[in-house]
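**Student:** here is my input, please return the structure:
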Amino acid sequence: MHFRTERGREHRAPAAAEVRWGTDAGRTAFVRVEVRRPDGRVAAPTNPVLLG
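**Tutor:** Presented below is the predicted three-dimensional model:
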């Protein structure tokens with residue numbers, strides 16, 4: 001899983017684990033998550049979640 005903001009990839013974690021990552025609207029305008037296949041291709045992207 002990749003967590004992305006307007007600054008690019010902010011956090012990376014294995015998809016099989018519970019993942020926690022924190023930010024706030026003062027640091028980033030949106031967050032989206034991409035679940036990726038083992039070869040790196042995107043399997044399931046989320047829509048951006050707007051924080052501001």
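
**Student:** can you tell me how far Val19 is from Val33?
**Tutor:** Applying C-beta to C-beta, to the nearest Å, the value for Val19 to Val33 is 9 Å. No exception for glycine: its C-beta is placed from N, CA and C like everyone else's.

**Student:** the more surrounded of those two?
**Tutor:** Val33 (19 against 13; other C-beta atoms under 10 Å).

**Student:** count of neighbours near the nearest residue to that one once chain neighbours are set aside?
**Tutor:** Nearest non-adjacent residue to Val33, counting by C-beta to C-beta, 6 or more residues apart in numbering: Thr46, 4.7 Å away. For Thr46, the tally of surrounding residues (other C-beta under 10 Å) stands at 12.

**Student:** okay, now the sheet partners of the longest strand seen in the chain, with direction.
**Tutor:** Longest strand in the chain, counting residues (DSSP state E): strand 30-36. Within its sheet, strand 30-36 is paired with strand 2-5 (antiparallel), strand 42-45 (antiparallel), strand 49-50 (antiparallel), according to DSSP bridges.

**Student:** looking at the ones you listed, which is buried most?
**Tutor:** Highest mean neighbour count of the strands paired with strand 30-36: strand 2-5, a mean of 18 (counted as mean count of other C-beta atoms under 10 Å).

**Student:** contacts only, for the nearest residue to Thr28 once chain neighbours are set aside.
**Tutor:** In this structure, Thr28 finds its nearest non-sequential neighbour in Thr5, 4.2 Å apart by C-beta to C-beta, 6+ apart. Applying C-beta atoms under 8 Å, 6 or more residues apart in numbering, we find Thr5 in contact with Thr23, Thr28, Ala29, Phe30, Val31, Arg32.

**Student:** mind doing that once more with 7 Å?
**Tutor:** Thr28, Phe30, Val31 (C-beta atoms under 7 Å, 6 or more residues apart in numbering).

**Student:** just the buried ones among the residues you listed, please.
**Tutor:** Among the contacts of Thr5, those classed as buried by 16 or more other C-beta atoms under 10 Å are Thr28, Val31.
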